[in-house]
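Engineer: got a predicted model here, sequence first, then my questions.
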Amino acid sequence: MCEVKRELLGETNKWQKKLEEKLKKVDPSNDKSKRFKKNAEAYFEDSKYFLRSEDYVRAFECVIWGWAWLEVGEKEDFI
């Protein structure tokens, strides 16, 4: 396995686990926070799909976008 592929797999798996745990803790209180969580979940599912398809760049990209949605939601007090 090439070095880049190994790193992408490792980072994607690490961030998928973090995102999954964080999503479990998010309890949306209004429509805006529900949309933020829904978007984060969609990116998480896309990441898993791309990982199964061996599209490692898109898998990593999606999990990072999912994480970003949650962080923005938290910083803006939507979540």
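Structural biologist: Happy to help now that I have it. Numbering: from 1, shown residues only.
Engineer: for the protein, give me the ranges with low pLDDT.
Structural biologist: 1, 78-79 (pLDDT under 70).
Engineer: strands of that one, start to end?
Structural biologist: With DSSP state E, there are no strands along the chain.
Engineer: which parts of it are helices?
Structural biologist: With DSSP state H as the criterion, the chain has helices at 3-25, 31-52, 56-75.
Engineer: please identify the deepest-packed of these.
Structural biologist: Ranked by average neighbour count under the criterion mean count of other Cβ atoms under 10 Å, the helices of the chain are headed by helix 56-75 at a mean of 19. (Each C-beta comes from the backbone N, C-alpha and C, glycine too.)
Engineer: what is that one packed up against?
Structural biologist: helix 3-25, helix 31-52 (3 or more Cβ pairs under 8 Å, 6 or more residues apart in numbering; DSSP states H and E).
Engineer: so which of those helices is nearest residue 61?
Structural biologist: helix 31-52 (8.0 Å; Cβ to Cβ).
Engineer: how far off centre is that closest one?
Structural biologist: 6 Å (Cα atoms, centre = their mean, to the nearest Å).
Engineer: can you tell me the distance between the two ends of stretch 17-34?
Structural biologist: Stretch 17-34 has its terminal residues 21 Å apart, counting by Cα to Cα, to the nearest Å.
Engineer: tell me how far that stretch is from the chain's mean position?
Structural biologist: Mean-position distance between stretch 17-34 and its chain equals 11 Å (Cα atoms, centre = their mean).
Engineer: stretch 41-59 now?
Structural biologist: Mean-position distance between stretch 41-59 and its chain equals 9 Å (Cα atoms, centre = their mean).
Engineer: and residue 52, what does it touch?
Structural biologist: For residue 52, no contacting residues are found, by Cβ atoms under 8 Å, 6 or more residues apart in numbering.
Engineer: and it, how far from residue 16?
Structural biologist: 12 Å (Cβ to Cβ, to the nearest Å).
Engineer: same check, this time on residue 65
Structural biologist: From residue 65 to residue 16 the distance is 12 Å (Cβ to Cβ).
Engineer: what residues are up against residue 73?
Structural biologist: Taking Cβ under 8 Å, 6+ apart, we find residue 73 in contact with 33, 36-37, 40, 79.
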